[in-house]
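>>> The sequence and its predicted three-dimensional model are supplied below.
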Amino acid sequence: MKLNIGPILKNEGSILNIDIETETGPLEYLGNTFVFDGPLKVTGGIRSIGGILELSGAVSGSYSTTCCSCGKAVKGRLEVPFDETVNGETEDFDSECFALNGPTLDISGLINALVWGNLPMRPLCREDCKGLCSVCGCDLNEKVCNCDRTVYDPRLAILRERH
Ligand SMILES: [Zn+2]
Ligand SMILES: [Zn+2]
């Protein structure tokens, strides 16, 4: 995601509007797959003041994933604001979030970091999802089954067999 910041570098205080859409494939995060419904939107602006670039805006997008407890489809929305400053004059520019090459500022790293840092670690269809029965597989949010879900310690099971 490259932005031509040439015009604002020459024009102190002027603002470059950011309004980009970027396609993103399915993301695998902690065993869950997030599929975005459409492109991610990045909106905001960049201002150059005394060689310092001030970036502010937001990344947004809607995704589908599955409940990590019962496996039902879950829809979610990502809306992450950002507010960053970059020294546009540093020659040995090196950062995971930005890459500066002449008048071109690449913010792909920043967008990636914002998206990855804000996906839910445990997506749930509802806050109190009870999950599936480990014996019969029924949805415990909708049904009550009579399965014995007690988990026996296998070491104790061996002792029981001996007696
Ligand atoms: Zn669930
Ligand atoms: Zn059951």
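Perfect, I can see it now. Note that the structure is predicted; figures quoted are calculated from it, not measured. Ligands and ions are numbered 1, 2, ... in the order given.

>>> quick one, phi/psi of I46?
In terms of degrees, to the nearest 10, the main-chain angles of I46 are phi -120, psi 140.

>>> for it, what are its contacts?
Listed by CB atoms under 8 Å, 6 or more residues apart in numbering, the contact set of I46 reads L3, I5, I8, I15, L16, I18, L53, E54, L55, L105. No exception for glycine: its C-beta is placed from N, CA and C like everyone else's.

>>> number of nearby residues for the fifth one?
Okay, so that is L16. Neighbour count of L16, defined by other CB atoms under 10 Å: 20.

>>> So what touches stretch 64-72?
Residues contacting stretch 64-72 (CB under 8 Å, 6+ apart): 31-35, 37, 73-76, 122-125, 129-132, 139-141.

>>> Now which of those would you call buried?
Among the contacts of stretch 64-72, those classed as buried by neighbour count (16 or more other CB atoms under 10 Å) are N32, F34, V74, P123, C125, C129, L132, D139, L140, N141.

>>> Looking at the residues you listed, which two lie furthest apart in space?
F34 and L140 (24.7 Å; CB to CB).

>>> in a helix, that's where N112 is, yeah?
Yes. Per DSSP: H, G, I helix; E, B strand; the rest coil, N112 lies within a helix segment.
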